[in-house]
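Show me the folded form of this:
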Amino acid sequence: MKGPRQARLFCLALAFGPGLTGACAPDSVAPGYYAADAGADDASELDDGASSTEDDSTSDGAYEGGTPTSPECDMNGRWLVAQRVLADALGQTQASHNWFYYEVTQNADQLTVTKGLHCGYDVVAVSALGANVSSEACWPDFLKYDSDTGRTGTMEVTPSGCELSFEKRYTVRGATVSFYQDPSTTLPSVSEKASPSLPGWVSWCNATNPGITLVITGSASGDLYCVQRDWNDYSGAVPASTTTFQIPVTWGSDQDALGYAGSSLVTMQDTPDTEPSQHYVWFAKLDPTQATGTDTEICAAVRGLVSVLTPDALQ
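All right, here's what the predicted structure looks like:
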């Protein structure tokens, strides 16, 4: 078995963009390898390892916010948030798409996300030999354990319109969320499984593999088991009185491959595209009839509305 530092490789299926570079991989494990010791105590590990945010609450589409400094720079309301970033590897590119639902309250220039749901992500090949990644089996856990609720920001009036900014936010997947949200904390290795008393990796995605299980197809095929810690912040100019707009994204990632089934290439590392214009997020204000119901129903509607309200976010 490799030591913890040797085993710390970036995942191919980064939430912000996968790739096929790198030269080493973690020890391969077959699907279900961890079934013997992951069964009965998984629930206690999840309770200890992550604070559940999915509470089966419902939304009827009505929303009352605060009072903005100017009605021309008003973020009060319910928003579809669709993030798109690009990554490069050996001359190949892949685009990663993340989908969120925000309920935002604004008082003067100050913003608070009173409800922030992570509705999933996918990765699609942009170049011919790029990779495709499905995280669909993990979407219920993203919704349950990842949250942007409480995220803060500002919406300021400028001479040319408005300036929107949201604070840097960390997201952890497949590990003890509250413990590993601290960016100075090293992510767990394959030997560091969570228990009720110790942090570590946790089996998500309705699987018994370590961390999250991602399905990769394209120039490399297989399943990747990994833990992820991503961050992003949003900041940019917004036209006055608009309800659909794009601003730049700054992002980074810290991730460990814990095992794989199939080609070892699924563990290889990539890098963010160097062109800043390739990393952006779209906001679209939802009307009272859109994305209502339970959290699960809201997220399903958000994913369906991306192609209608923010189609450029799917490039």
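
In this model Q92 seems to touch T271, though I could be wrong.
No: the pair T271 / Q92 is not scored as a contact, 11.6 Å apart, by C-beta atoms under 8 Å. Using the backbone N, CA and C atoms, a C-beta is placed for each residue, glycine as well.

Between those two, which has more neighbouring residues?
Neighbour tally, T271 and Q92, criterion other C-beta atoms under 10 Å: the higher count belongs to Q92, 20 against 12.

tell me the contacts of that one?
19-20, 125-131, 219 (C-beta atoms under 8 Å, 6 or more residues apart in numbering).

and the two most separated of the residues you listed?
Checked with C-beta to C-beta, the contacts of Q92 reach their widest spread between G19 and A128, with 14.5 Å between them.

for the stretch 1-150 of the chain, what are the low-confidence residue spans?
1-56, 89-91 (pLDDT under 70).

residues touching the nearest residue to E275 once chain neighbours are set aside, list them.
Once flanking residues are discounted, E275 sits nearest to L86: 7.7 Å by C-beta to C-beta, 6 or more residues apart in numbering. Contact partners of L86, counting by C-beta under 8 Å, 6+ apart, are 17, 93-96, 126, 272-273, 275, 278-279.

make it 10 Å
16-17, 93-96, 126, 272-275, 277-280, 315 (C-beta atoms under 10 Å, 6 or more residues apart in numbering).

Against A125, how distant is it?
Applying C-beta to C-beta, to the nearest Å, the value for L86 to A125 is 11 Å.

Tell me the residues that contact both of these two, please.
In contact with both L86 and A125: 93-95, using C-beta under 10 Å, 6+ apart.

Enumerate every residue touching N98.
Contacts of N98 (C-beta under 10 Å, 6+ apart): 15-16, 81-85, 118-122, 135, 142, 171, 230, 232, 249, 251, 281, 313.

sec struct for it, please.
On the three-state scheme (DSSP: H, G, I helix; E, B strand; the rest coil), N98 is labelled strand.

Also K144?
State at K144, reduced to three classes by three-state DSSP: helix.

Surely it and N206 touch.
No: in this structure K144 lies outside contact range of N206 using C-beta atoms under 10 Å: 11.6 Å.

neighbour-wise, which of those two wins?
A direct count of neighbours by other C-beta under 10 Å for K144 and N206 places K144 higher, at 20 against 10.

how far away is the more buried one from D223?
Going from K144 to D223 by C-beta to C-beta gives 21 Å.

ditto for E64
45 Å.

Of those two, give the one with the bigger neighbour count.
D223 (19 against 7).

Test my guess that that one contacts G262.
Yes: using C-beta under 10 Å as the test, D223 is close enough to G262 to be in contact (6.1 Å).

what bridges to the residue nearest to E275?
Beta-bridge partners for L86, by DSSP bridges, are A95.

Could you measure from it over to Y170?
Applying C-beta to C-beta to L86 and Y170 gives a distance of 21 Å.

before we move on, what about N206?
As judged by C-beta to C-beta, N206 and Y170 stand 24 Å apart.

Skipping its backbone neighbours, what lies nearest A301 in space?
A301 sits nearest to A291 (C-beta to C-beta, 6+ apart), 4.1 Å away.

Need the three-state assignment for the one you found.
Classification of A291 using three-state DSSP returns coil.

For it, give me phi and psi.
phi 50, psi 60 (degrees, to the nearest 10).
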